[in-house]
Every structure is written in C-alpha cells, then in structure tokens.
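A.B. asks: Here is my input, please return the structure:
(2 chains)
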Amino acid sequence: MSSVNVSVSQFTKRNFVTAGPFTGIHELKPQLLTESAVVIMDGELFLGVLTPADVVRKPHRLAIDCLKAVASLNPRHSIETALQIMAAEKTDVLPVLKAQNLEGLVFKNDILKYLNNNNRALQTQLQSHKKRIEKIVAKRTRALSSVVVNKNKFIGIIAHELRSPFAVIHSLLGLLLKDLHKYDQRTIESSLNNIYQSTTVTYELMVNLLEWLDSKSDKIQFNPVGLDIHQLLTEEIKSTVNFAEKKGITIHSDILANTYVYADSNMLKTVFRNLLNNAIKFSFPGGQVFIHSFGRKNEIEITIKDDGVGLTPEIKAHIFEEGLGSTHGTNDEIGSGIGLLICKEFIELGGGQIWAESNPHQGAEFKFTLPRFINPEQVNVAE
Amino acid sequence: MKYSVSMTLQEIKLPPFDEILVLGKNSPHGKNGISQSFELLLPNGFEIIDVNENNVEAVFVNKRIMTKLPKEKLIKLLRDKVFPFISEGEMLKVDLKISITYTSNEDDL
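C.D. replies: As a prediction, this is how the structure comes out:
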C-alpha cells in the first residue's frame, strides 16, 4: 500500500480540548497557543474546530463567532484526501466524524511527519535495493564477461587445438595413401601410431569440450549422492594405467575404502580423469604419482601429486581461470588445458574448492575438497 | 473634606435599540454572540439577515418590522441609505418608523 493511501484513523487524536460556543476568545487564547485547536461543542453537539487562524481571520469575542465552517473527514478517508481537503480549506486541522459524532482531530503536521519518516525509510529501502541491483548487475556482467571469455576460448580451441592433430592425421594419411606400397611395415606402424595418438588427443579434447560446454550451458545434471571415492578412484586409475605404463609411471593411492563424499559420480570421475591424466602427462618417464585423502569434520581433501615439471607462479596464479592453454607433456603429449576449467566447474558445483600447490621442477600438487557424506546407510555406490 | 457629586439618571432599554442593528465586518461582537444575547433579552424578537456586503456582516431586524415591510425592500433600503456609512468593526442602530397610509376611492373598496 502506498503511504498516501493510509487511512486517517491512525492519525486521529482523541485527547482534544473542548469549549462551549459562547466561551470568550480571550479565555481560549492560551489553549489555542498550546493545543493548536479547540473543539467547540454545544453539549454533545459538535459545532466546529477553532484554530488560531480562525481567530485571526474572524476576530470576534466569542468562540462561536470565530468558527469557520470546514469540511470533515470520516475515519476511512486516506491521508492524501485529508491533505487535499486541508489545502482547499486552508486549514491545518480537520475533525473526523463518524455518524455525526466527533471521533477526534487530524493534524496536518502529524501526517507530514509520518510522510517524512516514511520517505526516509523509502529512501533507505531504495538505497538498499539500488545496492542489491548494482550487485546483481555486477555479478551478471561478470558472468557475461565470463561467457564471452569462454566463447572466445572455445573458438580458439576449435581453431587452434583441433587443427594441429587433424593436420597430423591429414598429412600422414595423405602420405600413406599416396605411397603405401613404398613403406615398410615399421614405417607404416609408426605412422599409424602417430595417427592413433592424434585421434586420441582429438577425441579427449572433444569429450572435454562437450563436458565443458554442457557445464556452461546448464545442460549438465548435478545429482550428488554418497560415493565411495576409493572405489571410484580405483576404476579411474585402471582406465589410465596404459597411459601411465607407457611412460613407466607408478600411481600410488592411500585412499582408504569406505571414504565417502557427497558428489556427482560422473563429475567426480571427470575430475579424477583430468587430474590423473595431467599428473601422468607432466611427469617425467619413470616418475610417480601419489593420491591421498585427508578428512576434516565436514569435508574430505584429496591430493594428486606428481614429481614432474611443476608449475611456474604465473601459470599457477591463473591456472583455473584460463586453463593451462595449449601444453605439451614430457613426452610431447598435446593438451588444451580445458580439463582444469572443467575440474574447477564441477568441484565448485559440488560445494568444494580446488587449488594447485607447486614449484617449478618440484612437481605439482592439485588439491580439492568435497563435502563429506555422513550417512553411509544411504550410499549409492558408484557404478 | 468636601465632595461634589454630579448625578444624571437616564432610563435605558435592553437591547439598546428598537428596530434594526447593522453589524459591520470584523466587529468584536460576532453575529452568533449578539444573537444569543438578544435571544436572552427578547426571545424570538429579532431576525438575523445575512448580507453579502464588503463592510456588513449581518442585520438584526425586529420581527415587528418584518410584518410591515418585506425583507427584500428593507435590505434594499438599508443598502442604499445605511450600508455606505458603516465602518469596519462598527455596529449601527437604525431607527425606522413605518407609517402605512391607504388612499382609496369608495369604488375600490
């Protein structure tokens, strides 16, 4: 309700001063000065409201002669109406009548005071809304900027990252098709191996890109359940074992069975896969990757540590904002760096945090937290 | 010690006029107050006529006059002959004698 639509009833003063119609003005002057208005009653009959202005306007000796006939209000009248009538009647006070009986007096000052206070409250509210809106606008501007950055990154990846492996595939297939009969078995196997590696990289990139795009477009479903990370991690280690063995890298995990987190199974698998692949990719041949967990009251912290090339402070500072960019592993494995963006996206969606601790040439440690699942009875074991 | 006393006796009447009182604008006595006092002195004796004049608020007329002279004619007469002489805040009593004369032929009766 608008403040001007408030009824006059809450402004009606019922403790007014009364006087008879033939009371002398001289006698009423002190009361007029202190009360601003005196109600003139003839017994039970309401005759009018005498104000100092009435006495100036009609300087007679008796109250009845000074009275000016003015309109009255009923208790349902709005304060807006009251102010309009007061302006028209050139008065600062109006009587409120109910069935011809006087209910009380409404003073212009009381209404103005209320409106003034209300106005201040509205100003404060307005300021608060303004600040909230500014925050929302800033947040959305940041989100939009992020969308633009992501879009540009996506276009960059499509244009740059996919072109290289496809160029390799294209040129090798061209050579093989043109002079297949001239090559020996070893050369053909080597070329096919290169083509295979390029298609693998391209495939992984495509999978990551699609997951990343889904996470950005809210298409991806977030269905957190209680997950045994030991079981889930074991499966992911198995899927990377070929890659690790090729470089002679050993993966050690000390995560105990029945370590439960509350997370989305698919998202957590993607996070593990990306971090494990990175650890292997940037480890030197014959290196080691360690995985361990640390439990807190409400969360589990998981660390994936390698003894590879590590991260420079510059890369570390922006690694989750921009990804690693186009990178090459210790065996010249190609990567887009988009995997880390996806990890951040998924971990934060699940209520956790992810960060990197590393120094150049001392290996890299990627750590993330997930909410601890505290009711193992309801565990939906990861498939 | 000697005293010198001068004394005058005079009869007064209340209200201090018989027929008409013209009440100027912004008189200390308002028409309601005067009306009330007249009502106490001579109940139902006067009629109050509100007039729309710059300098006159109301006219109190003895109802005996009203039975002899229509209100409109009386006010017209006062407007022409009396109101121009009323100052602000002044009250003026007007003595008005009415004589009615009939002139008629025997055939008219």
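A.B. asks: Would you map the helices across chain B?
C.D. replies: Secondary structure of chain B (DSSP state H): helices at B:31-41, B:63-66, B:71-81.
A.B. asks: Buried residues in the first one, which are they?
C.D. replies: When you say that, I think you mean helix B:31-41. Using 16 or more other C-beta atoms under 10 Å in any protein chain shown as the test for burial, helix B:31-41 gives B:Lys31, B:Asn32, B:Gly33, B:Ile34, B:Ser35, B:Gln36, B:Phe38. (Each C-beta comes from the backbone N, C-alpha and C, glycine too.)
A.B. asks: Is it in proximity to chain A?
C.D. replies: Yes. Using C-beta under 8 Å from any C-beta of the partner chain, helix B:31-41 reaches chain A at B:Lys31, B:Asn32, B:Gly33, B:Gln36.
A.B. asks: and the gap between the third one and A:Val38?
C.D. replies: Pointing back at B:Gly33 there. 16 Å (C-beta to C-beta, to the nearest Å).
A.B. asks: mind checking which of the helices of chain B is nearest B:Val22?
C.D. replies: helix B:71-81 (6.7 Å; C-beta to C-beta).
A.B. asks: How far away from the center of its chain is that closest one?
C.D. replies: 12 Å (C-alpha atoms, centre = their mean, to the nearest Å).
A.B. asks: Stretch B:12-27 too?
C.D. replies: 5 Å.
A.B. asks: Can you list the buried residues in it?
C.D. replies: So for stretch B:12-27, counting by 16+ other C-beta under 10 Å, buried means B:Pro15, B:Phe17, B:Glu19, B:Ile20, B:Leu21, B:Val22, B:Leu23, B:Gly24, B:Lys25, B:Asn26, B:Ser27.
A.B. asks: ok, the residue of chain B found nearest chain A - how many residues close by?
C.D. replies: Chain B approaches chain A most closely through B:Gly30 (2.0 Å), counting by C-beta to the nearest C-beta. By other C-beta atoms under 10 Å in any protein chain shown, 24 other residues sit near B:Gly30.
A.B. asks: now the nearest residue to it once chain neighbours are set aside: how far from A:Pro224?
C.D. replies: Of all residues beyond its chain neighbours, the one nearest B:Gly30 is A:Asp65 (2.0 Å), with distances taken as C-beta to C-beta, 6 or more residues apart in numbering or on different chains. As judged by C-beta to C-beta, A:Asp65 and A:Pro224 stand 85 Å apart.
A.B. asks: neighbour-wise, which of those two wins?
C.D. replies: A count of neighbours by other C-beta under 10 Å puts A:Asp65 above the other of A:Asp65 and A:Pro224, at 24 against 19.
A.B. asks: Could you grab the helix/strand/coil label for the more buried one?
C.D. replies: Classification of A:Asp65 using DSSP: H, G, I helix; E, B strand; the rest coil returns helix.
A.B. asks: contacting residues around it?
C.D. replies: Residues near A:Asp65 by C-beta atoms under 8 Å, 6 or more residues apart in numbering or on different chains: A:Lys58, B:His29, B:Gly30, B:Lys31, B:Asn32, B:Gly33.
A.B. asks: ok, now A:Phe166?
C.D. replies: Listed by C-beta under 8 Å, 6+ apart, the contact partners of A:Phe166 are A:Ser198, A:Thr202.
A.B. asks: tell me the SS of it?
C.D. replies: Per three-state DSSP, A:Phe166 ends up helix.
A.B. asks: what about the residue nearest the centre of chain B, distance to A:Asp42?
C.D. replies: Geometric centre of chain B, nearest residue: B:Ile20, 1.1 Å, by C-alpha atoms, centre = their mean. Using C-beta to C-beta, one obtains 28 Å as the distance from B:Ile20 to A:Asp42.
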